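Enquirer: I'd like to go over a predicted model; first the sequence, then the structure.
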Amino acid sequence: MNTKETTATGLDKLTGLYLTLMLASLLSCKSGQVNLFKPASPHEQYQRKLVSSGLDKTSMGAAWIVSSVAVLQKALTITIPYQETGYFPAESISAAAYRFNVVQGQKISIELSRKPLRQFMLYIDVWEQPKNGAMKLIASADTIDNALEFEAKVSGAVFIRLQPELLRGGQYTLNISAGPSLGFPVKSSNSRHIQSIFGDGRDENSRKHEGVDIFAPFRTPALAAAEGTVTRVNENNLGGKVVWLRPKDKDYTLYYAHLDLQLAKEGQLVHTGDTLGLVGNTGNARSTPAHLHFGIYTPEGAVDPMPFVNTVVTTAARISSSLSNLNATMRISGKTELYNATERNAPGILSLQAGTVVKVNAANSSWYKIELPDGRTGFIQSKALTGISKPLRKLKVGPLQQDLYDHPDSLSAAVKLRLRTGSTVDVLGVYENYQLVRNDSNETGWVR
């Protein structure tokens, strides 16, 4: 069996020709432009064209629409930063979905590249789901020349779906990272100078710290972390000399406290990096070294500023798994676990026996994202896989093993051919009660 072989199911030659002609007409009018934050996403626009062209009535068109919904229900869990290189075969109905957690204030950056650039349109859609809330589409595109960026407005989960157009395939690389959504509020400083964090006890634990303390030399400029309007400049017992800044188009206010000198004026419009005042130790900080108390207040109260200003941005682990195995049919070399997440402490979701046949969809770090013959997906360590060119053993075909199926399910599979009783075939792998075999004519399929 050619490990790069893919099989189209549910399509005869006539349907395939019809789809090809119809899709050629449908795709010829696409602009290929980036479409972000539109009422109808590029994915939705394409689906509408499928329906209006009648392609949703074909087995492949209907499967594409169903897959776009079903894949989200079985989204795999990833941890950002995350990088993956994968492959979507043109002959198959393919889609991928991922879920990861975000914290309010993070700026999420998603980069997507693809090969080939032409005739391989790949839709990406992004949803946010607040804790105990409903999913909401927040961004989408049909091509991405630059990073797709958005701010996490609430803590919770983010879902990403990738889906190519029908009869279009190729390789892609997905890169997801997180960084601060605000500028750093102290000049020539960074988050490593934060020495007191949100939630620390204050006054013998009678209250909680509602911000972060950024230590800096006396009279270091305190900077506007965003473009916005200075709403108040005043003094109070705890913060001393303070400045309040409302970022443009945001529902929260930035609070600068313990300033030695206030330079901003109420009502002043400022840009990111403008000086609002000079760092000091006024208010209840008179006995401490000079620092800026930086807080963020929403209508629901104070929130942790660290995700908004954390300058420490980590990069995704280098992909060490071989990309030559993308789209390859392989087998498990020894008993291993299938995981829902690429974390060593993640619980296994399924034990796979040695010889189990899988298809490699993508590579990330030292992992492969694989697909089982029944369509279930997950992650396994790449070192757990081996090729299928060398057979496991020989099998003498018995009277009940004559039917060679196109996939391991005799109730729904098509019979590719009839094997001769008593003939010998190579066993390339197994799945449940079936064996993947190859005959003398190099034809492959499944027998009971």
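Expert: That came through fine.
Enquirer: which residues touch Leu400?
Expert: Counting by C-beta atoms under 8 Å, 6 or more residues apart in numbering, Leu400 touches Arg448. Heads up, the C-betas are built off the backbone N, CA and C, glycines and all.
Enquirer: hmm, try it at 10 Å
Expert: 421, 447-448 (C-beta atoms under 10 Å, 6 or more residues apart in numbering).
Enquirer: Around Arg99, how many other residues sit close by?
Expert: Applying other C-beta atoms under 10 Å, we find 18 residues neighbouring Arg99.
Enquirer: Grab the nearest non-local neighbour of it.
Expert: Ala75 (4.3 Å; C-beta to C-beta, 6 or more residues apart in numbering).
Enquirer: what's the neighbour count on that neighbour?
Expert: 19.
Enquirer: what do you get for Ala413?
Expert: 17.
Enquirer: can you tell me how far Gln190 sits from Phe215?
Expert: If you look again at residue 190, you'll see it is Asn, not Gln. Using C-beta to C-beta, to the nearest Å, Asn190 is found at 12 Å from Phe215.
Enquirer: Likewise for Ile110?
Expert: 34 Å.
Enquirer: again with Gln129
Expert: Taking C-beta to C-beta, one finds Gln129 at 37 Å from Phe215.
Enquirer: Please list all residues in contact with the residue nearest to Arg99.
Expert: So Ala75 contacts 96-100, 127, 157, 159-161, 340, 377 (C-beta under 10 Å, 6+ apart).
Enquirer: try 6 Å
Expert: 97-99, 159 (C-beta atoms under 6 Å, 6 or more residues apart in numbering).
Enquirer: Repeat that for Thr311.
Expert: Counted by C-beta under 6 Å, 6+ apart, Thr311 has contacts 184, 190-191.
Enquirer: Helices of this structure, start to end?
Expert: 13-27, 42-52, 59-73, 306-309 (DSSP state H).
Enquirer: Lowest average pLDDT across those helices?
Expert: Among the helices of the chain, helix 13-27 has the lowest mean pLDDT, at a mean of 46.
Enquirer: buried sites along stretch 265-283?
Expert: Within stretch 265-283, the residues that count as buried by 16 or more other C-beta atoms under 10 Å are 268, 270, 274, 276-283.
Enquirer: ok, now stretch 92-102?
Expert: Neighbour-count burial for stretch 92-102 [16+ other C-beta under 10 Å]: 92-100, 102.
Enquirer: picking up where we left off before, nearest to Gly86 among the contacts of Thr311?
Expert: Ser191 (33.2 Å; C-beta to C-beta).
Enquirer: how near is the closest one to Gly133?
Expert: The separation that Ser191 has from Gly133, given C-beta to C-beta, amounts to 29 Å.
Enquirer: got the contact list for stretch 316-326?
Expert: 81-83, 85, 87, 360, 363, 365-366, 368, 382.
Enquirer: now stretch 421-435
Expert: 331, 355-357, 373, 388, 391-397, 399, 408, 436-439, 446-447.
Enquirer: of those, buried ones?
Expert: 331, 355-357, 373, 388, 392, 395, 397, 408, 436-439, 446-447.
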